[in-house]
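Undergrad: Kindly return the folded structure for what I paste below:
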Amino acid sequence: MPDKPRGTIIFDLDGTLVDSAPDLADALDWLLTEMGYQPLGLNKVRQLIGHGMAELVRKGLEARGAQLEAQVLARAVERFLEYYTANLSRKSKAYPGTAEVLNALQKAGWRLVVCTNKLEANARLLLRDLGLLTAFELVAGPDTFGAAKPDPAHLLGCLPLGNPASRPAIMIGDSEVDVAAAKAAGLPVIAVTWGYYQKDISELAPDAVAHNMQEVPALIDRLMQQNDAVD
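TA: Numbering: from 1, shown residues only. Prediction:
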């Protein structure tokens, strides 16, 4: 890699780099069963992912008609995290082409980071188990900077020295929170179609749309050329 990186590529994790829904669904269904509720199943849980673990638990319980006091909900989140942390990579898999694309971007001189609403420690464990962790200079969860997407501070903290002027930088994600965070941070965003967003992600007006991981490097180059033309 060159001494001076070309810039920063910020990847979302769940639904962008990794299909983690099966393990998240198992953990949520385990919790629901433990609390006396019927499990939701993988297809339903896929629709709830993207806003962090606490919100996943809250929405899962709400889907079963549970309205819990804050203290009880907090304990439910703790139980979920205990189970999930012990089982987070049993079924999760990187999307096809992910390792190859990350390697190509590194060789092209990009600084790679992950910005996820999954807790940093869990994100690191998952990436390690899937053999992807060493590709990234930084892994930032909501606990890393005290901010979570769609708060732009989560993305801006991923830039060198947290400097908003550290350009170029591009966000790649699969959800409305990824697109919203990127726009709020003033970063171009590539939205991917293989993740957990339930609608047509192009309706969110990202700067580009990728239909498979192999398309990502070319889209990054295209956005860079557009940026150079504007400059």
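
Undergrad: which SS class is residue 171?
TA: Secondary structure for residue 171, judged by DSSP: H, G, I helix; E, B strand; the rest coil, is strand.

Undergrad: Quick check: closest non-adjacent residue to it.
TA: Leaving aside its sequence neighbours, residue 171 sits nearest to residue 182 (Cβ to Cβ, 6 or more residues apart in numbering; 3.8 Å). In short, each C-beta sits where N, CA and C put it, glycine included.

Undergrad: The one you found sits in which helix or strand?
TA: Per DSSP states H and E: residue 182 is located in helix 176-185.

Undergrad: helix or strand right after that helix?
TA: strand 189-192.

Undergrad: mind listing what that following strand pairs with, with the direction of each?
TA: Partner strands and pairing direction for strand 189-192 (DSSP bridges) are strand 169-173 (parallel), strand 208-210 (parallel).

Undergrad: List the contacts of the nearest residue to residue 145 once chain neighbours are set aside.
TA: Spatial nearest neighbour of residue 145, excluding adjacent residues (Cβ to Cβ, 6+ apart): residue 157 at 3.9 Å. When contacts are counted by Cβ atoms under 8 Å, 6 or more residues apart in numbering, residue 157 touches 140, 144, 145, 147.

Undergrad: so of these, which ones are in strands?
TA: Judged by DSSP state E, the contacts of residue 157 include residue 140 as members of strands.

Undergrad: Let me know the secondary structure of residue 127.
TA: The three-state label given to residue 127 by three-state DSSP is helix.

Undergrad: I'd like to know how far it sits from residue 54.
TA: Using Cβ to Cβ, to the nearest Å, residue 127 is found at 21 Å from residue 54.

Undergrad: neighbour-wise, which of these two wins?
TA: Remark: of residue 127 and residue 54, residue 127 carries more neighbours, 22 against 19, as counted by other Cβ atoms under 10 Å.

Undergrad: Which residue, other than its chain neighbours, is closest to that one?
TA: For residue 127, the spatially nearest residue (Cβ to Cβ, 6+ apart) is residue 133, at 4.0 Å.

Undergrad: which phi and psi does that neighbour have?
TA: Main-chain dihedrals, residue 133, degrees, to the nearest 10: phi -60, psi -40.

Undergrad: my read: it touches residue 121, true?
TA: No: contact between residue 133 and residue 121 fails when scored by Cβ atoms under 8 Å: they sit 11.9 Å apart.

Undergrad: Any buried residues in the lowest-mean-pLDDT helix or strand in the chain, and which?
TA: Ranked by mean pLDDT, DSSP states H and E, the weakest helix or strand in the chain is helix 216-230, scoring a mean of 86. Of all the residues in helix 216-230, those buried under the rule 16 or more other Cβ atoms under 10 Å are 216, 217, 219, 220, 223.
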